[in-house]
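predicted coordinates and the sequence they were generated for:
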Amino acid sequence: MILYNSASRKREEFVPYDPSLVKMYTCGPTVYHFAHIGNLRSYIMEDILEKYLRYTGYNVKRVMNITDVGHLTSDADEGEDKMLKGARREHKSVLEIAQYYTDAFFDDCAKLNIKTPDVVEPATHCIDDYIRIIQKLMDTGYAYFAGGNVYFDTSKLEKYYVFNDFKEEDLNVGVREGVEEDTNKRNRNDFVLWFTKSKFEDQALKWDSPWGVGYPGWHIECSGISMKHLGENIDIHCGGIDNAFPHHTNEIAQSEAYLGHPWVKYWMHVLHLNTTSGKMSKSSGEFLTVSLLEQKGYDPLAYRFFCLQSHYRKSLVFSWENLDNAQGAYNKLIARVAALNPGDGEFDEAAFHELDQKFRTAMDNDLNSSLAVTALYDVLKAKTNDATKLKAIAAFDTVLGLSLIEKAAARREELKRQQVVAGEFTIISESGEADADVEAKIRARQDAKKAKNFAEADRIRDELKAAGIEVTDIPHGAKWKRI
Ligand code: AMP
Ligand code: ZN
């Protein structure tokens, strides 16, 4: 499998440290508000990476943090504490806010078929791990104490910038309009490992530490949590592209300074979902949620389908029109899968293998999910029996996560019920295309059969056949396709 590694800026063959277990780490949500559908784009694409690794036979251990402390409104340790801001907004405690939005996040994930990682760890549960790392960084001269906080000294590193070629002076981090510069920092990009001189009088969560009562910075939590559960090396570390700097850059700085060796093998960054008016962000307060999509009548999985149709390394523009198209295509896809007859034929292994190769080729190519969706459509068009097609669709869907088999079965049931109740005759187009003329002829044939005019019924079937249309009778209806 080829994976783009944002640290080397190259497409690389994926070879894990230990082939018996792939270790994956994902930066989790900051739980001061609902996740927006942009955040969820990142989690959907990371989910298909995990599921595809499992599909190809790897064992995977995946860990995710929940940021419930330490993330300030500016990623460069400035501004307000996001959790406090959320608590104030809703007149609740920080812990209540954290629990409420953590639950809401996993509800959204469930609706989008995003698997919960093997380990989910709130940042507030691992304070001792951060203290141990920070203590060693202090002992080895990578960290310093100034003005009541502990900082990481970026000047001690040979190479600080990993994901970009920016020069320090271009970044201007620490000098943002309306935000006071932190004069305790020795270097502009130094970052806080431990806050004690809290700017917030009412900081709710505080712990004792060798440097005084306080709380951890945002970046240290991912290093601490990953080392606690995955050890000293990670195969793949994921996040949205905004996490690359400063968050992941700082994670690497402190982790490698602490460990004394390289830490992560592959960095995967998902590009942003934008609206036509710009980037979607939680802090602006205006963003789209899964619940809002549902209120407007969309199936959350239509949004997942929309995400799969573009590559994770390209930014994606959301519009209602795009989502309408995705919902329409998703409905048609379900109808086509529902038109397959599970009892048609014996499983054909050779045909399955050929279809599966196309799917793997797409996914092996740096997770080309849109080509993987094409491979799914190729199954519907393939010259093999329905039993084999359904097996292939079920297999691919363990990665794509579109619930196609379940939804198709439900649709078949629903159709049956409607037919029984209304004595209806249903016409299904196997390709999903609509053709009023063909449907009218099939209905006329059915009327002829009902009137026991079998000669006329046969004549219509032959006429359709001559026009390249094959009609097959199914219970309470007929299905047709072009031959
Ligand atoms: P947060 O809850 O802000 O810590 O972000 C959770 C995840 O969503 C992180 O991996 C971010 O990089 C990612 N993310 C934030 N905004 C977007 C966006 N507009 N599109 C895709 N991913 C995003
Ligand atoms: Zn992180």
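Cool, the structure landed. Numbering: from 1, shown residues only. Ligands and ions are numbered 1, 2, ... in the order given.

could you use CA atoms for every contact and neighbour count after this?
Will do.

which residues sit in contact with Val150?
Going by Cα atoms under 8 Å, 6 or more residues apart in numbering, Val150 touches Ala143, Tyr144, Val192, Leu193, Trp194, Phe195, Trp211.

what's the lowest-pLDDT member of the residues you listed?
In this model, the minimum pLDDT among the contacts of Val150 belongs to Phe195 (90).

for the closest residue to that one other than its chain neighbours, which residues are in contact?
Computed as Cα to Cα, 6 or more residues apart in numbering, the closest residue to Phe195 that is not its neighbour in sequence is Asn149, at 4.7 Å. Neighbouring residues of Asn149 by Cα under 8 Å, 6+ apart: Val192, Leu193, Trp194, Phe195, Thr196, Lys197, Trp211.

number of nearby residues for the fourth one?
Burial measure for Phe195: 22 neighbouring residues, criterion other Cα atoms under 10 Å.

what sits against it?
Gly148, Asn149, Val150, Gly214, Tyr215, Pro216, Gly217.

quick one: the first one and Thr196 touch, right?
Yes. The pair formed by Gly148 and Thr196 meets the contact definition of Cα atoms under 8 Å, at 5.5 Å.

so the two - more neighbours on which side?
Thr196 (19 against 15).

export stretch 311-320 to PDB, keeping only CA atoms.
This file holds the C-alpha atoms of stretch 311-320, laid out as PDB (Å, rounded to 0.1, in the frame of the first residue of the first chain):
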ATOM      1  CA  HIS A 311      -9.400  12.300  -2.200                       C
ATOM      2  CA  TYR A 312      -8.400  13.100   1.400                       C
ATOM      3  CA  ARG A 313      -5.500  15.200   0.200                       C
ATOM      4  CA  LYS A 314      -7.700  17.700  -1.700                       C
ATOM      5  CA  SER A 315      -9.700  20.300   0.100                       C
ATOM      6  CA  LEU A 316     -13.400  19.700  -0.400                       C
ATOM      7  CA  VAL A 317     -16.100  22.300  -0.900                       C
ATOM      8  CA  PHE A 318     -19.400  21.700   0.800                       C
ATOM      9  CA  SER A 319     -22.600  23.000  -0.700                       C
ATOM     10  CA  TRP A 320     -26.200  21.900  -0.300                       C
END
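
flag every buried residue along that stretch.
By neighbour count on 16 or more other Cα atoms under 10 Å, the buried set for stretch 311-320 is His311, Tyr312, Arg313, Leu316, Phe318.

check these and tell me the two furthest apart.
Largest separation among the buried residues of stretch 311-320 by Cα to Cα: Arg313 and Phe318, giving 15.4 Å.

measure stretch 302-320 end to end?
End-to-end distance of stretch 302-320: 12 Å, with Cα to Cα, to the nearest Å as the criterion.

quick one: average confidence on it?
Stretch 302-320 comes out with an average pLDDT of 97.

quick one: the helices in the stretch 201-350 of the chain?
Taking DSSP state H, counting those that start in this stretch to define them, one finds helices in the stretch 201-350 of the chain at 218-230, 249-259, 290-295, 300-308, 320-338, 349-364.

just send those back as JSON lines, with distance to Ile483 too.
As requested, the helices of the stretch 201-350 of the chain are exported to JSON lines (distance: least, Cα to Cα, whole Å):
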{"stretch": "helix 218-230", "distance to Ile483": "54"}
{"stretch": "helix 249-259", "distance to Ile483": "57"}
{"stretch": "helix 290-295", "distance to Ile483": "39"}
{"stretch": "helix 300-308", "distance to Ile483": "29"}
{"stretch": "helix 320-338", "distance to Ile483": "16"}
{"stretch": "helix 349-364", "distance to Ile483": "19"}
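
now those in CSV, with distance to ligand 2?
Converted to CSV, the helices of the stretch 201-350 of the chain look like this (distance: least, Cα to the ion, whole Å):
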stretch, distance to ligand 2
helix 218-230, 5
helix 249-259, 7
helix 290-295, 23
helix 300-308, 22
helix 320-338, 30
helix 349-364, 25
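
of the contacts of Val150, grab the buried ones for ChimeraX.
Filtering the contacts of Val150 down to the buried ones (16+ other Cα under 10 Å) takes a single ChimeraX command:
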select :143,144,192,193,194,195
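
closest one of the contacts of Val150 to Gly401?
Nearest member of those to Gly401, counting by Cα to Cα, is Leu193, at 38.4 Å.

what's the closest non-adjacent residue to Thr426?
Nearest non-adjacent residue to Thr426 (Cα to Cα, 6+ apart): Gly477, at 4.4 Å.

counting neighbours, what do you get for that neighbour?
18.

what sits against it?
Applying Cα under 8 Å, 6+ apart to Gly477 gives the contacts Glu424, Phe425, Thr426, Ile427, Ile428.

between the residues you listed, which sits nearest ligand 1?
Proximity of the contacts of Gly477 to ligand 1 (Cα to the nearest ligand atom) peaks at Ile428, which lies at 37.9 Å.

next up, the contacts around that closest one.
Counting by Cα under 8 Å, 6+ apart, the residues that Ile428 touches are Ala339, Gly477, Ala478, Lys479, Trp480.

highest neighbour count among these?
Highest neighbour count within the contacts of Ile428: Ala339, with 24 neighbours (other Cα under 10 Å).

which outside residues touch stretch 43-63?
19-26, 112, 114-115, 117-121, 226, 229-230, 238, 270, 304, 307-308, 312, 363, 367, 398-401.

over to stretch 368-387?
By Cα under 8 Å, 6+ apart, stretch 368-387 touches 308-311, 336-337, 340-348, 351, 355, 358-360, 362-363, 389, 392-393, 396, 431.

can you tell me the helix or strand for Arg188?
Element membership of Arg188, judged by DSSP states H and E, is empty: it is in no helix or strand.

if we can go back for a sec, from Ile133, how far off is the residue nearest to Phe195?
According to Cα to Cα, Asn149 stands 15 Å off from Ile133.

what do you get for Glu413?
From Glu413 across to Ile133, the span is 57 Å (Cα to Cα).

neighbour count: these two, which is higher?
With neighbours defined as other Cα under 10 Å, Glu413 and Ile133 compare such that Ile133 has more, 21 against 13.
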